[in-house]
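S.K.: Have a look at this fold, sequence not included:
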């Protein structure tokens, strides 16, 4: 089970679509970066081991006595090619992962490995990803009883994007680091890493943020990427702050939970499933709050327990998105529809996702909430989006997956009627596109050969005079006014929406 590939471009710390140049990312990140922040290091201060110094000090001593650190320093002097740094860094990372266990007796609880990608690109599994890769990837691997996980051969073993929960980007020169004295431009390494972070969020749609490490010459810093921007730590020195680097790498590879690395707590891998397995894994998903059963958007085919004795499970559609707090939630809009309404996806349940703060206390999951809880960063986030989740009972296929021309025509006409039914109920969709028109599944009931979905941008007419802003991806900028006196009809721009509907279908 994996998210629909058509929604992948929505997972981004910036708004550029896949494949855009670094220049586009640099422009889009302006004003969204906190430089030299004291907060990123706080993500690594959640040790459950009270005597961590007794582990870190032997690791640092081992590294300083090994030839790997000397080779790293010599490579910095001899060459400006960052590839010469990969081998000594890989050796240092493996030493840290092993935690000098023979001396310290350290027992790892998590199993990840920092693997050098060299010239190999992670497997996107037929998703439309650009042909790029980080220098080192933090990849999830099978558990082992040994201190070290078996070394990954990225050439023969391969690494999937969904296995990657973090990364390290390397530059040979200190001046190529991410921090700036003035925020009038963005360093290439920052926009490059933004691209990697959005691909991780796309391959792992329940990933709420991504942690990374920048290494540039003998300096390093820590990065935090989420869907509203970037936070970068101060510059550290690898030689003088080797204990900090060892602490961070040891946490990433052996100690931090998937949730501490940014995975949504309300979406748990099913027992026996993993991100490194052959097929895409399955999850047990809830609304986060006790008792309850991404613009980043992902649509999943899911199952819920059936209340009919002859069926154990019912197939449904699960949608996860990030909604603006200034707009009515998609679940509420679906809840306004007077049923039955053929040609429109049938709503089952939905709500904002919540995260526990204390006993019987929950908060809505937003970027600001996560930054506050993990980084003690209470600066606030502009237009802080809320994680929202809903379940639809109507299951079908995207319009572009229709088997025959007849399916396209009949499904489109039925969906068009559903769209008109929404308008007659005072709901203007505002985001009609081929990605929001679906073909009914095999054996669907008459009137459900096609349907529209995705009402997150819809406008709902109010009982009083109201101005509806219909700026949308496929709409001309227009302002519609509607008024409803007792017994009066609501007049909306059905003609303009129908024109946009025809444009969406006409591509087929």
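M.R.: Perfect, thanks for sending it. Since we're looking at a predicted model, the values are computed, not measured. Residues are numbered from 1 along each chain as shown.
S.K.: Quick check: end-to-end length of stretch 32-41?
M.R.: Distance across stretch 32-41, first residue to last, is 19 Å (Cα to Cα, to the nearest Å).
S.K.: And the average pLDDT for it is what?
M.R.: For stretch 32-41, mean pLDDT is 95.
S.K.: Name the SS class of the residue nearest to the spatial centre of the chain, please.
M.R.: Central residue of the chain (Cα atoms, centre = their mean): residue 201, 2.8 Å from the mean position. Using DSSP: H, G, I helix; E, B strand; the rest coil, the structure places residue 201 in helix.
S.K.: Does it touch residue 207 like I think?
M.R.: Yes: Residue 201 is within contact range of residue 207, at 4.9 Å (criterion: Cβ atoms under 8 Å). Glycine gets a C-beta too; all of them are placed from N, C-alpha and C.
S.K.: Strands of the stretch 1-150 of the chain, start to end?
M.R.: 33-37, 112-116, 136-140 (DSSP state E, counting those that start in this stretch).
S.K.: Export these as CSV, with columns for distance to residue 94.
M.R.: Shown next, in CSV, are those (distance: least, Cβ to Cβ, whole Å):
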stretch, distance to residue 94
strand 33-37, 29
strand 112-116, 8
strand 136-140, 11
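S.K.: which helix is the longest one in the protein?
M.R.: Ranked by residue count, the top helix of the chain under DSSP state H comes out as helix 405-424.
S.K.: show me where the stretch 201-350 of the chain has strands.
M.R.: For the stretch 201-350 of the chain, the strands defined by DSSP E, counting those that start in this stretch cover 210-216, 219-226, 229-233, 236-237, 267-269, 283-285, 298-305, 313-323, 347-352.
S.K.: For the fourth one, which helices and strands make contact with it?
M.R.: Translated: strand 236-237. strand 219-226 (3 or more Cβ pairs under 8 Å, 6 or more residues apart in numbering; DSSP states H and E).
S.K.: for the record, mean pLDDT for the strand it packs on?
M.R.: 98.
S.K.: Name every strand pairing with it and say which way it goes.
M.R.: Under the criterion DSSP bridges, strand 219-226 sits next to strand 210-216 (antiparallel), strand 229-233 (antiparallel), strand 236-237 (antiparallel) in its sheet.
S.K.: now the helices for this structure?
M.R.: Using DSSP H, the helices found in the chain span residues 22-29, 53-65, 67-78, 83-98, 101-104, 188-203, 242-250, 330-335, 367-375, 405-424, 494-506.
S.K.: Would you single out the least confident of the strands of the stretch 201-350 of the chain?
M.R.: Looking at these, the bottom one is strand 298-305 with a mean of 68.
S.K.: re earlier: how distant is the longest helix of the chain from the center of its chain?
M.R.: Helix 405-424 has its C-alpha centroid displaced from the chain centroid by 32 Å (Cα atoms, centre = their mean, to the nearest Å).
S.K.: helices and strands of the chain: which one bottoms out on pLDDT?
M.R.: When each helix and strand of the chain is scored by mean pLDDT, DSSP states H and E, strand 479-482 comes last, with a mean of 29.
S.K.: which intervals of this structure have sub-threshold pLDDT?
M.R.: 1-25, 48-50, 288-301, 304-312, 359, 463-508 (pLDDT under 70).
S.K.: Mind doing that once more with 80?
M.R.: Counting by pLDDT under 80, the chain shows low-confidence ranges at 1-27, 46-52, 182-183, 287-313, 358-360, 462-508.
S.K.: Can you give me the distance of residue 336 to residue 430?
M.R.: For residue 336, the distance to residue 430 equals 15 Å [Cβ to Cβ, to the nearest Å].
S.K.: residues near residue 447, how many?
M.R.: Neighbourhood size, residue 447 [other Cβ atoms under 10 Å]: 15.
S.K.: Apart from its neighbours in sequence, what residue is nearest it?
M.R.: In space, and not counting its chain neighbours, residue 447 is closest to residue 342: 3.5 Å by Cβ to Cβ, 6 or more residues apart in numbering.
S.K.: tell me the contacts of the one you found?
M.R.: When the contact criterion is Cβ atoms under 8 Å, 6 or more residues apart in numbering, the partners of residue 342 are 414, 417, 418, 421, 447, 448, 451.
S.K.: Name the pair among the residues you listed with the greatest separation in space.
M.R.: Of all pairs drawn from those, the greatest distance, 12.5 Å, lies between 421 and 448 (Cβ to Cβ).
S.K.: Of those two, which one has the most company?
M.R.: More crowded of residue 421 and residue 448, by other Cβ under 10 Å: residue 448, with 23 against 18.
S.K.: wait, isn't that one in contact with residue 393?
M.R.: No: judged on Cβ under 8 Å, residue 448 makes no contact with residue 393 at a distance of 10.7 Å.
S.K.: So for these two, which residues contact both of them?
M.R.: With Cβ under 8 Å, 6+ apart, residue 448 and residue 393 have no common neighbours.
S.K.: Count the neighbours of the nearest residue to residue 362 once chain neighbours are set aside for me.
M.R.: Counting by Cβ to Cβ, 6+ apart, residue 354 is the residue found nearest to residue 362 once chain neighbours are left out, at 3.9 Å. Residues lying near residue 354 (other Cβ under 10 Å) number 22.
S.K.: coming back round to it: so which of the helices of the chain gets nearest residue 125?
M.R.: Counting by Cβ to Cβ, residue 125 lies closest to helix 188-203 out of the helices of the chain; the figure is 7.8 Å.
S.K.: May I see the buried residues of that closest one?
M.R.: By neighbour count with 16 or more other Cβ atoms under 10 Å, helix 188-203 contains the buried residues 189-203.
S.K.: what does stretch 226-234 give?
M.R.: 226, 227, 228, 229, 230, 231, 232, 233.
S.K.: next one: stretch 240-251
M.R.: By neighbour count on 16+ other Cβ under 10 Å, the buried set for stretch 240-251 is 242, 244, 245, 246, 247, 248, 249, 250, 251.
S.K.: Please name the nearest non-neighbouring residue to residue 333.
M.R.: Leaving aside its chain neighbours, residue 333 sits nearest to residue 455 (4.7 Å; criterion: Cβ to Cβ, 6+ apart).
S.K.: separation between that neighbour and residue 96?
M.R.: Distance from residue 455 to residue 96, by Cβ to Cβ: 49 Å.
S.K.: And for residue 327?
M.R.: Residue 327 sits 46 Å away from residue 96 when distances are taken as Cβ to Cβ.
S.K.: So between the two, which is more surrounded?
M.R.: Neighbour count, other Cβ under 10 Å: between residue 327 and residue 96, residue 96 has more, with 26 against 15.
S.K.: Hmm, that one is touching residue 253, no?
M.R.: Yes: counting by Cβ under 8 Å, residue 253 is a contact partner of residue 96 at 7.2 Å.
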